[in-house]
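Participant: mind looking at a prediction? Sequence and model below.
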Amino acid sequence: DIYNIIYKIIEEKSFEKINILLKNITKDKTLVNYKDKTVFISASLIKVPIMLCTLNEICDNKISLNSKLNINSKDILNDNKCFTSGIYEYKVEDLLTWMITESDNSSTNVLIKFLGLDKLNKYFKKIGLIDTKLERNMLDDEAIKQGYNNYTSLNDMYLCFKYIVNNSILDNKLCKFALSILYKQKINNQIPRYIDDISFAHKTGGLDFLNSDVGVFKLNNQFYFLGISVYDTPLKEGDRKVVGEISKLICDYLKKIIIKEYSYGTKM
């Protein structure tokens with residue numbers, strides 16, 4: 001039983017807080033639910049709903065993927081890996097792609113500045129993300145010291161990915177675009193860490209003593225959502241290995257179930 005397998009790991013990691021959610025999106029069926037509605041600090045997971053809000057502006061014909069946003073030198077953070085020195089105008093498509101695939105914080109802050117906190121938070125609530133809240137920019141240590149942070153839950157992340165996969169938000173073209181850049185994720189040290197035969201469309205997050213990964217993958221022509229978050233870890237860098245270990249066990253379990261179902265002449 002998959003629960004017994006996961007509980008064994010959770011017991012071994014009793015010093016950490018762990019949330020896990022596994023759902024068959026195609027059938028809207030919950031397979032594993034361990035504290036999916038627990039609200040935690042989102043770190044870079046917040047970039048997924050920020051992407052959806054930006055794409056909603058495109059869907060409403062307020063901007064396009066080719067629209068260019070002006071930035072200034074102060075918008076470019078010290079961890080910048082994407083912006084070219086001396087260039088202060090970038091396409092929305094580039095900013096979205098960097099925000100997701102590189103988890104670029106400068107691109108994220110430019111989009112937050114363009115959209116505004118109020119519009120973003122209203123949009124989150126509009127699409128049913130009851131636990132997701134944006135209170136600060138990326139890498140804003142001063143805001144954190146003042147008690148501001150960004151929050152979400154695995155259930156909210158599931159909704160984001162379900163909307164994208166089912167084309168039940170925005171329009172089909174924009175959902176396809178969103179999924180395509182999630183598949184191009186370059187940070188693969190959590191869910192896909194020990195898996196090399198499945199493609200994941202996902203987004204990671206991490207801060208001191210916490211890390212998370214959420215996303216979707218296909219097995220037997222059905223979409224599955226997997227989200228895992230760990231926090232209050234003993235090590236400052238978090239525990240990305242345990243996310244990888246649990247993900248590998250879950251995927252191996254699903255493959256066995258699929259094989260078993262087919263052996264009995266039925267499909268999952």
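Facilitator: Alright, I've got the coordinates.
Participant: show me where the stretch 1-150 of the chain has helices.
Facilitator: 2-12, 47-59, 92-97, 105-115, 117-126, 141-145 (DSSP state H, counting those that start in this stretch).
Participant: and what of the stretch 151-268 of the chain?
Facilitator: 154-165, 172-183, 240-263.
Participant: okay, angle between the longest one and helix 2-12 too, please.
Facilitator: Put plainly, it is helix 240-263. 170 degrees (axes from the mean of the first three to the mean of the last three CA atoms, to 10 degrees).
Participant: so which elements touch helix 240-263?
Facilitator: Counting contacts by 3 or more CB pairs under 8 Å, 6 or more residues apart in numbering; DSSP states H and E, helix 240-263 is packed against helix 2-12, strand 17-24, strand 210-219, strand 222-231. Just so you know, the C-beta spots here come from the backbone N, C-alpha and C atoms, and that holds for glycine as well.
Participant: quick one: closest of these to residue 107.
Facilitator: strand 210-219 (19.3 Å; CB to CB).
Participant: was I right about residue 203 contacting residue 211?
Facilitator: No. Shown here, residue 203 and residue 211 do not form a contact pair, counting by CB atoms under 8 Å, at 12.0 Å.
Participant: on that earlier part again, out of the helices of the stretch 151-268 of the chain, which one sits most buried?
Facilitator: The highest mean neighbour count among the helices of the stretch 151-268 of the chain, using mean count of other CB atoms under 10 Å, belongs to helix 154-165: a mean of 24.
Participant: who's in contact with it?
Facilitator: 19-21, 23, 25, 28, 35-38, 45, 48-49, 52, 124, 127-132, 168-170, 175, 178-179, 182, 201, 214-216, 223, 225, 227-229 (CB atoms under 8 Å, 6 or more residues apart in numbering).
Participant: which members of these are classed as buried?
Facilitator: 19-21, 23, 25, 36, 45, 48-49, 52, 124, 127, 129, 131-132, 169-170, 175, 178-179, 182, 201, 214-216, 223, 225, 227-229 (16 or more other CB atoms under 10 Å).
Participant: count the residues that sit near residue 145.
Facilitator: Neighbour count for residue 145, taken as other CB atoms under 10 Å: 8.
Participant: which one, of the helices of the stretch 151-268 of the chain, ends up nearest to residue 107?
Facilitator: Nearest to residue 107 among these is helix 172-183 (11.8 Å), distances taken as CB to CB.
Participant: how about the closest residue in space to residue 170 that isn't next to it in sequence, what does it touch?
Facilitator: Nearest in space to residue 170, with sequence neighbours left out and distances taken as CB to CB, 6 or more residues apart in numbering, is residue 59 at 4.7 Å. By CB under 8 Å, 6+ apart, the residues touching residue 59 are 170-171, 174.
Participant: and of the helices of the stretch 151-268 of the chain, who's closest to residue 5?
Facilitator: Checking the helices of the stretch 151-268 of the chain against residue 5 by CB to CB gives helix 240-263 as the closest, at 5.4 Å.
Participant: separation between the residue nearest to residue 186 when sequence neighbours are not counted and residue 180?
Facilitator: Distance criterion CB to CB, 6+ apart; nearest residue to residue 186, sequence neighbours excluded, is residue 101 at 5.1 Å. Between residue 101 and residue 180 the distance is 10 Å, computed by CB to CB, to the nearest Å.
Participant: tell me the contacts of residue 171?
Facilitator: Residues in contact with residue 171, defined by CB under 8 Å, 6+ apart, are residue 59.
Participant: how about residue 245?
Facilitator: By CB under 8 Å, 6+ apart, the contact set of residue 245 is 9, 194.
Participant: check the gap between it and residue 2 for me.
Facilitator: Distance from residue 245 to residue 2, by CB to CB: 14 Å.
Participant: neighbour-wise, which of residue 203 and residue 211 wins?
Facilitator: residue 203 (29 against 25).
Participant: please name the nearest non-neighbouring residue to the more buried one.
Facilitator: Spatially, and ignoring its direct neighbours in sequence, residue 203 is nearest to residue 48 (5.1 Å; CB to CB, 6+ apart).
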